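Colleague: Following is a predicted model, sequence given first.
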Amino acid sequence: MNITITFRQMVGTEAVKQHAHDKIAKLQRFLRQAMSAQVTLSVEGLEHIADVNISSGSQHFHARERSADMYASIDKVIDKLDRQIEADKNASLSRKRGGKSAGEFAAMASRAAEESGTGD
C-alpha cells in the first residue's frame, strides 16, 4: 500500500495528514490487490478540496470533494470512493454469477413494454 499526500496552497499539519492516511488505508480492505493512492489537499478561497486517485491492479477510482472544513472534505471523499468500490465489486459479482448487464436488462424491458403495448 502506497499513499502519497500532497498539500497545495496550504500548510499541511501532521494531524490532517494522519487523518487522511488513516481514512484512505481503511479502503484497502475492500480491494483485492495492493493499492496506490495519490491524495491532494488544497485550499481555494474559503473552500477546502480533497482530491483522491486510487489504483489497485486494473481498477481505478477517483473522487473530489469541496467543503468549508478539510476534515469534512476528506470524510466526504472517502464516502464517495467507498460507494464506487462497492459498486464495482457488485458489478463484477453479477458478471461472475451470470447476471444481466444494465444494457441487456434495458433491452429486455423495452421488448417487454413493446409486446405488452401491441397486445391490446
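Modeller: Structure received.
Colleague: does Arg64 belong to a helix or a strand, and which?
Modeller: Per DSSP states H and E, Arg64 falls inside strand 59-67.
Colleague: Repeat that for Ala107.
Modeller: When secondary structure is defined using DSSP H and E, the element that contains Ala107 is helix 102-118.
Colleague: show me the contacts for the spatially most central residue of the chain.
Modeller: The chain has Leu81 as the residue nearest its centroid, 2.3 Å off, counting by Cα atoms, centre = their mean. By Cβ atoms under 8 Å, 6 or more residues apart in numbering, the residues touching Leu81 are Leu27, Val52, Ile54, Phe61, Ala63. All C-beta spots, glycine's among them, are computed from the backbone N, C-alpha and C.
Colleague: Below-threshold pLDDT in the chain: ranges please.
Modeller: In the predicted model, the chain carries pLDDT under 70 at residues 93-101, 118-120.
Colleague: hey, where'd the helices end up in it?
Modeller: Assigned helices in the chain, in chain order: 14-26, 70-96, 102-118 (criterion: DSSP state H).
Colleague: Pull out the buried residues from the second one.
Modeller: Pointing back at helix 70-96 there. Buried positions in helix 70-96, judged by neighbour count with 16 or more other Cβ atoms under 10 Å: 70, 73-78, 80-82, 84-85, 88.
Colleague: Val39 is in contact with Thr4, correct?
Modeller: Yes - with contact defined as Cβ atoms under 8 Å, Thr4 counts as touching Val39 (6.8 Å).
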